[in-house]
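Participant: Model the following, please.
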Amino acid sequence: MKHETVRASAFAMPLTNPAFPAGPYRFVNREYFIIQYRTDLEALRRIVPEPLAVSEPVVNYEFIRMPDSTGFGDYTESGQVIPVSYQGQAGSFVHQMFLNDHPPIAGGRELWGFPKKLAEPKLAVETDTLVGTLNYGSVRIATGTMGYKHRALDTATEARKLAAPNFLIKIIPHVDGTPRICELVRFHLEDITVKGAWTGPAALDLYSHALAPVAELPVLQVLSAKHIVADLTLGLGTVVHDYLSPGAPARRRAWSDILIEANVG
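Facilitator: This is a model prediction of the structure:
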């Protein structure tokens, strides 16, 4: 394969058989179960990176069922999203996500910087209860429950909330282990049609795990919950902050130095 052919055909890994197709990425009947809860403010501040700002100790724990998604197929996702602000604009920081399908893991990490890892989330209706669960291997990490469709929510309001900006940290290492890309990325959900939205009484339990530390943002009080079904497009992102730019406060460090600091700490 000639040099110019590599440049023209390179889209994603692997070169000759990418793990996911080029977008746009459309989702049909995407189903959200979102439990908002109060947590420890200092724990949030240790996690959320500047220049994002945290104003209140709130986390959204999400279970998302995606039965029909362009190029990614049929899968389920679960994780934590934190309300933040960026230059005075309200949005959300995606802290960690766990899912059961390789193409959206690869695509999410490579394109946007989604913090995705392989696990086993589920979202289903059990008689009168909407139930979301997350297992990492055989270990239960999260369980969420809500009364099924107890009260309808305004679909236009929920569509506006889904359209708010989302933020991610995209990290791609160099071959020597140092970060080659370390950026704050902003993206939006687009062409949103909310088909239904409901709320009800809810509960959430999070459990400790070394490699899936959702419980490091403890549940102090469940504030609200909602169940949404929508069609939407996952828009591509823009870089709003480069942590490796010459003006950034922190400089690159060797990966060996990072490991040494972590072991000492």
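
Participant: got the contact list for stretch 110-117?
Facilitator: Stretch 110-117 has contacts (CB atoms under 8 Å, 6 or more residues apart in numbering) with 12-13, 77, 79, 94-99, 104-105, 108-109, 168-172, 183, 185, 187, 211-212, 236-237. Every residue, glycine included, has its C-beta placed from N, CA and C.

Participant: What is the neighbour count of Met13?
Facilitator: 11 (other CB atoms under 10 Å).

Participant: now it, what's its secondary structure?
Facilitator: coil (DSSP: H, G, I helix; E, B strand; the rest coil).

Participant: Just list the residues touching Thr16, thanks.
Facilitator: By CB under 8 Å, 6+ apart, the contact list for Thr16 reads Ser9.

Participant: Figure out the helix or strand that it lives in.
Facilitator: Here Thr16 is covered by no helix or strand, with elements defined by DSSP states H and E.

Participant: Can I get the buried ones among the contacts of stretch 110-117 as something I can paste into PyMOL?
Facilitator: To isolate the buried members of the contacts of stretch 110-117 in PyMOL, using 16 or more other CB atoms under 10 Å:
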select buried, resi 12+77+79+94+95+96+97+98+99+104+105+108+109+168+169+170+183+185+187+212+237
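
Participant: In strands, which of the contacts of stretch 110-117 fall?
Facilitator: Among the contacts of stretch 110-117, the members found in strands (DSSP state E) are 77, 79, 94-99, 168-172, 183, 185, 187.

Participant: State the pLDDT value of Glu158.
Facilitator: You'll see Glu158 listed with a pLDDT of 98.

Participant: Could you list which residues are in contact with the spatially most central residue of the chain?
Facilitator: Nearest to the geometric centre of the chain sits Val94, at 4.2 Å (CA atoms, centre = their mean). Contact criterion CB under 8 Å, 6+ apart gives Gly79, Val81, Phe114, Pro115, Asn166, Phe167, Leu168 as the residues in contact with Val94.

Participant: Quickly check the residues you listed for the two that are furthest apart.
Facilitator: Taking CB to CB as the measure, the contacts of Val94 span a maximum distance of 14.3 Å, between Gly79 and Phe167.

Participant: so Lys161 is in which element?
Facilitator: Assigned by DSSP H and E, Lys161 falls within helix 155-162.

Participant: and that helix, what does it pack onto?
Facilitator: Judged by 3 or more CB pairs under 8 Å, 6 or more residues apart in numbering; DSSP states H and E, the packing partners of helix 155-162 are strand 189-199, strand 221-234.
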